[in-house]
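Asker: model the following, please.
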Amino acid sequence: MWLCAHPNGIGVFRYVIFMWDAQSVASSSEAEELRRRIQATSPTWQVVLAAGGVIVLVADASRAMRAHRLRNGAGVVLGEIFVRSRDLDSDAATPEACFGPFETEAALNSEGRILASGYWGNFVGVLVDGRRRRRFVYNDPCGTLPCYFTRQDGVQLVFSCLADCLDMGLKFPVNEEFVRARAVNGFLDLDMPSFNGVSGIHRGECVVFGMDGACLRRACYWHPASFEGASDLIVDSPAAAKAMRAAVRSCVHSMAGHHSAVLAQISGGLDSSIVLGCLSDAPNAPDITCYTGYVKDSVCDERRWARQATARRDLRHLEVCADPRALTFRDFPALAPSMEPASLFAHWQRGPLERSLASPRCATATFTGEGGDSTLCSTSFVYAVDHSLRRHGLGLRTWRTAALVATRRDRTLWSVLGKAVGRQVFGLGQADYRRRLAHVCQLASSDARHSLESDRRVSESWFSSVGPMSPEMVTRLGPLAFAPVFYDLSLPQHGESPVALSPLCAQPVFETCARIPVDVHFDRGRSRGLARRAFVQEVPEPILRRQWKDRPLHYVAEVIHRNLDFIRSTLLDGMLVRERILDREAVELALSGSPSRSAAIGGEVMNHLDLELWIRNSG
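Answerer: Below is the predicted model:
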């Protein structure tokens with residue numbers, strides 16, 4: 001992470017936690033052996049907490065991602081953590097958390113719940129409560145630092161990176177039900193564990209362990225529909241715009257504070273332009289290098305918009321050509337081991353590029369506008385009518401909102417209003433949800449689909465202990481609904497990589513925007529209309545007026561076409577087809593020349609390829 005300060009190179013932040021019965025000689029011996037093994041893999045592994053029956057180690061810590069110790073061995077917070085501001089109108093950067101006696105006592109007395117309401121960042125908290133004879137591990141709701149746990153011969157192991165487990169000689173069998181569910185339901189299956197014997201600590205969840213390391217219970221400390229203050233709606237448009245702007249600016253400035261040089265991924269769209277506008281006046285004045293990817297000779301070219309965003313502050317701007325000929329899958333090494341199937345396309349397209357840009361400029365982070373579509377309600381504006389109905393009934397205001405939605409969606413007023421009323425009266429049942437899943441992955445076999453029909457674990461949920469969530473909330477969660485992506489899996493072991501930062505996914509930003517009804521976000525009938533009002537000082541006027549996105553047409557299809565032989569042989573000779581999880585005839589049709597020749601889209605083909613390669617690399 002400290003690219004220039006450490007010419008020998010260090011990797012990305014990782015942690016492991018061992019918990020066991022300190023009175024057991026056998027368990028103590030096993031814990032010591034695991035500690036010895038992990039520290040033998042790299043000199044950067046350091047013990048940051050050693051209490052009775054608990055050892056916490058971190059590797060490759062930096063100014064941003066490091067260990068924050070509580071007093072008297074009461075625990076440690078791993079990652080980046082800031083104090084939560086209660087002033088909705090303040091855009092000042094929030095201070096880094098410091099756990100003195102008062103803060104430590106508050107964390108213990110609340111069994112870690114204060115971490116959900118009083119702090120934010122990208123962290124995992126570990127509390128050792130001697131009075132209650134309990135250990136608490138909390139995963140913050142909006143960060144990307146992963147958290148998994150598994151029992152090994154009397155020792156509970158909590159970890160962030162699968163490769164570290166492999167380095168210790170541990171191996172886990174792939175969960176066949178996960179494979180089937182992922183192939184049939186795609187990323188809409190949120191609950192199924194990927195490996196047998198390994199569980200995840202979900203976003204906003206706390207897992208309580210006993211003194212012997214055994215898992216006692218799981219508790220939801222944060223939920224996107226019921227977080228502290230969720231019911232206190234911000235319905236006044238000027239107040240909502242002010243609160244939104246303050247939250248985004250505060251989070252961007254806080255996250256930038258640990259970095260003296262950064263990259264900014266800028267497309268010229270609204271979301272990345274908002275982040276760049278806030279970043280460009282961060283108090284610590286980081287050196288900013290902007291970059292924009294483009295496809296040569298494409299009719300859809302984002303560079304003209306990106307130039308306007310960067311020219312506003314005369315920032316360094318690099319334009320990088322994305323050449324589909326450079327993505328030859330057969331020549332790529334396997335991605336690093338991961339707990340979830342990872343995108344071969346995304347990691348090899350972005351990882352080497354950002355490392356090459358970051359290294360000569362000593363950049364330690366990449367700022368992105370990821371999550372803006374969901375957080376700022378670009379993808380959920382259809383629910384503006386629902387929100388207006390709840391507050392105003394079937395009055396003139398709701399009819400006007402329905403008319404604006406109908407115009408934007410090219411629908412009739414009656415269809416938009418009727419569906420909104422139906423959702424309010426009847427909701428969305430399980431049968432409707434199943435019908436939507438049927439169109440997600442069209443290459444899955446009928447046998448695989450039937451095997452999951454009675455599986456109650458397949459649901460739209462924040463996590464299974466909470467139960468189903470509305471489709472609207474899943475849409476507003478965006479990237480936060482899925483497994484976190486923290487590690488660059490194209491990175492060689494112990495290599496250097498800038499950490500990806502997405503301020504529009506930060507907890508204070510999400511909570512502020514979630515308190516604003518969708519019809520308020522849909523200001524003047526514009527997608528992300530409230531954001532366009534809020535950031536007039538940060539974003540050039542032409543980008544604020546722009547209501548569409550330029551996408552490089554056929555780029556993914558071209559990449560697939562150039563790698564068709566590799567994809568065809570990998571899938572048709574692979575486990576998914578052999579075990580009849582995918583329909584061979586449907587796959588053959590989809591790959592007979594171009595994915596467009598069948599109903600299957602290129603994205604589904606790539607997802608099945610990623611799943612097949614993950615199974616092979618995990619075997």
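Asker: so how far is the helix or strand hosting H68 from its chain's centroid?
Answerer: Applying DSSP states H and E as the criterion places H68 in strand 66-69. Its chain's C-alpha centre and that of strand 66-69 lie 22 Å apart, by C-alpha atoms, centre = their mean, to the nearest Å.
Asker: which residues touch the helix or strand just after that strand?
Answerer: Elements were assigned by DSSP H and E; along the chain past strand 66-69, the next helix or strand is strand 75-83. Where contact means C-beta atoms under 8 Å, 6 or more residues apart in numbering, the residues beyond strand 75-83 that reach it are 13, 15, 48-49, 56, 58, 64-70, 94-97, 99, 104, 107-108, 115, 118-128, 136, 140, 143, 145, 254-255, 258. The way it works is simple: take the backbone N, C-alpha and C, and place the C-beta from them, glycine included.
Asker: now, those residues that are in strands?
Answerer: Per DSSP state E, strands hold the following members of those: 15, 48-49, 56, 58, 66-69, 119-128, 136.
Asker: contacting residues for H259?
Answerer: By C-beta under 8 Å, 6+ apart, the contact set of H259 is 63-64, 284, 286, 363-365.
Asker: any chance of a PyMOL selection covering the buried ones in those residues?
Answerer: The following PyMOL line selects those of the contacts of H259 that are buried, judged by 16 or more other C-beta atoms under 10 Å:
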select buried, resi 64+286+363+364+365
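Asker: in stretch 330-343, what counts as buried?
Answerer: Along stretch 330-343, the positions that meet the burial threshold by neighbour count (16+ other C-beta under 10 Å) are 332, 335-343.
Asker: what distance separates it from the centre of its chain?
Answerer: Computed by C-alpha atoms, centre = their mean, the chain-centroid distance of stretch 330-343 equals 18 Å.
Asker: re the thing from before, parallel or antiparallel, list what pairs with the strand holding H68.
Answerer: Using DSSP bridges, the strands paired with strand 66-69 are strand 75-83 (antiparallel).
Asker: then the partner strand to CSV, C-alphas only?
Answerer: Coordinates of each C-alpha in strand 75-83 appear next as CSV, following Å, rounded to 0.1, in the frame of the first residue of the first chain:
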residue,chain,number,x,y,z
GLY,A,75,-10.2,-5.8,21.7
VAL,A,76,-9.1,-4.3,18.4
VAL,A,77,-10.7,-2.8,15.4
LEU,A,78,-9.1,-3.9,12.1
GLY,A,79,-9.2,-1.6,9.1
GLU,A,80,-10.2,2.0,8.7
ILE,A,81,-12.6,3.6,11.2
PHE,A,82,-13.9,7.1,11.7
VAL,A,83,-16.1,8.7,14.4
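Asker: now that strand: how far from the chain's centre is it?
Answerer: Computed by C-alpha atoms, centre = their mean, the chain-centroid distance of strand 75-83 equals 18 Å.
Asker: related to what we said a few turns ago, what lies in contact with the strand holding H68?
Answerer: Contact partners of strand 66-69, identified using C-beta under 8 Å, 6+ apart, comprise 13, 48-49, 56, 58, 61, 75-81, 97-99, 123.
Asker: again, but for stretch 495-503
Answerer: Contacts of stretch 495-503 (C-beta under 8 Å, 6+ apart): 1, 3, 9-13, 64-65, 144, 248, 251-252, 255, 262-263, 275, 278, 351, 354-355, 358-359, 363-371, 479, 485-486, 488, 491, 509.
Asker: quick one, what contacts E354?
Answerer: 263, 366, 488, 497-498.
Asker: from those residues, which ones fall inside strands?
Answerer: Those of the contacts of E354 lying in strands (DSSP E): 263, 366.
Asker: so which bits of stretch 211-225 are buried?
Answerer: Within stretch 211-225, the residues scored as buried using 16+ other C-beta under 10 Å are 211-213, 220-224.
Asker: re the thing from before, give me the buried subset of the contacts of strand 66-69.
Answerer: For the contacts of strand 66-69, buried by 16+ other C-beta under 10 Å: 13, 48-49, 56, 58, 61, 75-81, 97, 99, 123.
Asker: run the chain-centre distance for the helix or strand where R151 lies.
Answerer: Secondary structure assignment for R151, by DSSP H and E: strand 148-152. Centroid displacement of strand 148-152 relative to its chain, using C-alpha atoms, centre = their mean, is 22 Å.
Asker: other SSEs contacting it?
Answerer: strand 155-159, strand 199-200 (3 or more C-beta pairs under 8 Å, 6 or more residues apart in numbering; DSSP states H and E).
Asker: tell me what angle the first one forms with strand 148-152.
Answerer: Strand 155-159 and strand 148-152 are oriented at 160 degrees to each other (axes from the mean of the first three to the mean of the last three C-alpha atoms, to 10 degrees).
Asker: and R408, what does it touch?
Answerer: 381, 525, 527.
Asker: by neighbours, which of those wins?
Answerer: In terms of neighbour count, F381 stands highest of those at 24 neighbours, by other C-beta atoms under 10 Å.
Asker: quick check: closest non-adjacent residue to that one.
Answerer: F522 (4.8 Å; C-beta to C-beta, 6 or more residues apart in numbering).
Asker: break this protein down into its domains, please.
Answerer: Structural domains assigned to the chain are 14-173+193-220, 246-375+480-545, 381-470, 555-618, following automatic domain parsing.
Asker: next one: the last one to chain centre, how far?
Answerer: If you compare the mean C-alpha spot of domain 555-618 with that of the full chain, they lie 25 Å apart, counting by C-alpha atoms, centre = their mean.
Asker: now do the first one
Answerer: What separates the centre of domain 14-173+193-220 from the centre of its chain is 19 Å, taken as C-alpha atoms, centre = their mean.
Asker: can you redo the buried residues of stretch 330-343 as JSON lines with pLDDT, distance to P542 and secondary structure?
Answerer: Converted to JSON lines, the buried residues of stretch 330-343 look like this (pLDDT from 0 to 100; distance: C-beta to C-beta, whole Å; DSSP: H, G, I helix; E, B strand; the rest coil):
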{"residue": "F332", "pLDDT": "92", "distance to P542": "39", "secondary structure": "coil"}
{"residue": "L335", "pLDDT": "93", "distance to P542": "39", "secondary structure": "coil"}
{"residue": "A336", "pLDDT": "92", "distance to P542": "41", "secondary structure": "coil"}
{"residue": "P337", "pLDDT": "93", "distance to P542": "45", "secondary structure": "coil"}
{"residue": "S338", "pLDDT": "94", "distance to P542": "40", "secondary structure": "coil"}
{"residue": "M339", "pLDDT": "94", "distance to P542": "42", "secondary structure": "coil"}
{"residue": "E340", "pLDDT": "92", "distance to P542": "39", "secondary structure": "coil"}
{"residue": "P341", "pLDDT": "94", "distance to P542": "39", "secondary structure": "coil"}
{"residue": "A342", "pLDDT": "93", "distance to P542": "36", "secondary structure": "coil"}
{"residue": "S343", "pLDDT": "93", "distance to P542": "32", "secondary structure": "coil"}
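Asker: turn those residues into JSON lines, including distance to I38.
Answerer: Output for the buried residues of stretch 330-343, formatted as JSON lines (distance: C-beta to C-beta, whole Å):
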{"residue": "F332", "distance to I38": "28"}
{"residue": "L335", "distance to I38": "22"}
{"residue": "A336", "distance to I38": "17"}
{"residue": "P337", "distance to I38": "15"}
{"residue": "S338", "distance to I38": "18"}
{"residue": "M339", "distance to I38": "17"}
{"residue": "E340", "distance to I38": "22"}
{"residue": "P341", "distance to I38": "25"}
{"residue": "A342", "distance to I38": "23"}
{"residue": "S343", "distance to I38": "28"}
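Asker: any idea which of the contacts of E354 is closest to L613?
Answerer: Proximity of these to L613 (C-beta to C-beta) peaks at D488, which lies at 16.6 Å.
Asker: which ones are touching that closest one?
Answerer: D488 sits next to 12, 347, 351, 354-355, 497 when contact means C-beta under 8 Å, 6+ apart.
Asker: wait, which of the residues you listed is closest to V577?
Answerer: Comparing the contacts of D488 against V577 with C-beta to C-beta places H347 closest, at 24.0 Å.
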